[in-house]
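Peer 1: Next come a sequence and a model predicted from it.
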Amino acid sequence: MIDIIVNGKKHQVDADPNMPLLWVIRDIIGLTGTKYGCGVAQCGACTVHLNGEAVRSCVTKLSRAEGQEIVTIEALSINNDHPLQLAWNELNVPQCGYCHSGQLMSAAVLLRENHDPSDADIDAAMSGNVCRCGTYQRIRAAIHKAAALQREGAKS
Amino acid sequence: MKKLIILSVLLAMVSVIALSFKTENVSRNIQPAVAKDSIGSVKAFMQVYKVLTSPRCMNCHPAGDVPLQGEDSHLHAMFPQRGIDGKGVFAMKCSNCHQDENTPGLHTPPGNPNWHLPPADMKMVFQGRSPRQLAKQLLDSKQNGHKNKGQLIAHAWDGLVVGAWSPGEGRAIPPMSHAAFAKAWVTWISKGAYAPKK
């Protein structure tokens, strides 16, 4: 049995230590917000936070996550009110939506480390998350919007 | 008195045996006493140069701030950035995709526990350097990670350097064995660390 902490809850998982974290999250724990895209760390759809970093869960082995803190899209905020989620909703960012849990998890790391990102910062942070619908312009606009919301929230 | 002499002889023998086991480590950490030889040194460096400019080494010593990829050393897909510490930026940190070990399969991320580029304040560029430029750069502690010659020699056995010979599926290894590379590396430095003329 391998212990992992997902969204603040401790789980004991009976699985091969080499199993990709993505399958543990989706198939064993049952949190299906994190998506399978390419399986080889090329697209970013499977991005989750491992100790706060935006790892690709399709190539991250369960053994790496043992005893560590995992956060998935389901726990980015308690009431879907993370500034990014509010901005995403307001600007109708997703089209098909498949990649957006990964987009949001990557953007959340950017906003944690940079409260006022430039376009170049956004490009540098988000270039590993592919959107086949091509919503990149709305993603960029929403990150700027979320950054502003976050700064306003910090003031109040 | 006789016992003391026997004890001393035994102690000396044990010391000699113990030192013989240390030889390998010593050779890695200090510069061996070898006569200077500019021709032999440069000849060895030209072997070293072939390895350092092969994709497995040069791809993470790029001229720009984006690592290189593949046997043709093209810019890394997704354009990950070097970052201040050489470990990426924001949601694009190296270890987000590169694990402690190679991920199985073709076109999957190679891995190493210490995966990184040189830091922004000392980029240690290999790409585009002539043999002379690269040799001079490697010997300059202000450009080589603050290494003296002993530390340079030891660097041939650094985990990330050795990892070039286990690059994961579908990737070529450097153009000679690690043993041959290490021998050329040590020879270059121990024979005087001469730089080629060009």
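Peer 2: Nice, thanks for sending it over.
Peer 1: For chain A, just list every one of the strands.
Peer 2: Secondary structure of chain A by DSSP state E: the strands cover A:2-6, A:9-13, A:47-50, A:53-56, A:69-71.
Peer 1: next one: chain B
Peer 2: B:68-69, B:74-75, B:88-89, B:92-93.
Peer 1: Helices of the chain, residue ranges please.
Peer 2: The chain I'm using is chain A. Here chain A has its helices, by DSSP state H, at A:21-23, A:62-65, A:83-90, A:100-113, A:119-126, A:136-155.
Peer 1: My question was about chain B, not that one.
Peer 2: Using DSSP H, helices in chain B cover B:2-29, B:38-52, B:55-58, B:94-97, B:131-139, B:149-155, B:159-162, B:178-190.
Peer 1: Dump the last one to PDB, restricted to CA.
Peer 2: Backbone C-alpha positions of helix B:178-190 (Å, rounded to 0.1, in the frame of the first residue of the first chain) are rendered in PDB as follows:
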ATOM      1  CA  HIS B 178      32.300   7.200 -20.900                       C
ATOM      2  CA  ALA B 179      35.600   5.500 -20.000                       C
ATOM      3  CA  ALA B 180      37.200   6.800 -23.200                       C
ATOM      4  CA  PHE B 181      35.800  10.300 -22.600                       C
ATOM      5  CA  ALA B 182      36.900  10.300 -19.000                       C
ATOM      6  CA  LYS B 183      40.400   9.200 -20.000                       C
ATOM      7  CA  ALA B 184      40.600  12.000 -22.600                       C
ATOM      8  CA  TRP B 185      39.300  14.500 -20.100                       C
ATOM      9  CA  VAL B 186      41.800  13.600 -17.500                       C
ATOM     10  CA  THR B 187      44.600  13.500 -20.000                       C
ATOM     11  CA  TRP B 188      43.700  16.900 -21.400                       C
ATOM     12  CA  ILE B 189      43.800  18.500 -17.900                       C
ATOM     13  CA  SER B 190      46.700  16.500 -16.400                       C
END
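Peer 1: tell me the average confidence for that helix?
Peer 2: Per-residue pLDDT over helix B:178-190 has a mean of 98.
Peer 1: Now it: buried residues?
Peer 2: Within helix B:178-190, the residues that count as buried by 16 or more other Cβ atoms under 10 Å in any protein chain shown are B:178, B:181-190. No exception for glycine: its C-beta is placed from N, CA and C like everyone else's.
Peer 1: And the residue nearest to B:Val51 when sequence neighbours are not counted, how close does it get to chain A?
Peer 2: Excluding the flanking residues, the one nearest B:Val51 by Cβ to Cβ, 6 or more residues apart in numbering or on different chains is B:Pro174, at 4.4 Å. Plainly put, B:Pro174 is 24 Å away from chain A if you go by Cβ to the nearest Cβ, to the nearest Å.
Peer 1: From the centroid of chain A, which residue is nearest?
Peer 2: Centroid check for chain A by Cα atoms, centre = their mean gives A:Met105 as the closest residue, at 2.0 Å.
Peer 1: Touching, it and A:Ala75? I think so.
Peer 2: No. Contact criterion Cβ atoms under 8 Å: A:Met105 and A:Ala75 do not qualify, at 10.4 Å.
Peer 1: quick one, what contacts A:Pro20?
Peer 2: Residues near A:Pro20 by Cβ atoms under 8 Å, 6 or more residues apart in numbering or on different chains: A:57-62.
Peer 1: Which pLDDT value belongs to it?
Peer 2: Value for A:Pro20, per-residue pLDDT: 98.
Peer 1: And for B:Arg28?
Peer 2: At B:Arg28, the pLDDT recorded in the model is 51.
Peer 1: sorry, back to before: export the strands of chain B to a markdown table and tack on mean neighbour count?
Peer 2: As requested, the strands of chain B are exported to a markdown table (neighbours: other Cβ atoms under 10 Å in any protein chain shown):
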| stretch | mean neighbour count |
| --- | --- |
| strand B:68-69 | 18 |
| strand B:74-75 | 12 |
| strand B:88-89 | 23 |
| strand B:92-93 | 23 |
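Peer 1: JSON lines please, covering those strands and showing mean pLDDT and distance to chain A.
Peer 2: Below are the strands of chain B laid out as JSON lines (pLDDT from 0 to 100; distance: least, Cβ to the nearest Cβ, whole Å):
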{"stretch": "strand B:68-69", "mean pLDDT": "98", "distance to chain A": "12"}
{"stretch": "strand B:74-75", "mean pLDDT": "98", "distance to chain A": "11"}
{"stretch": "strand B:88-89", "mean pLDDT": "98", "distance to chain A": "5"}
{"stretch": "strand B:92-93", "mean pLDDT": "98", "distance to chain A": "5"}
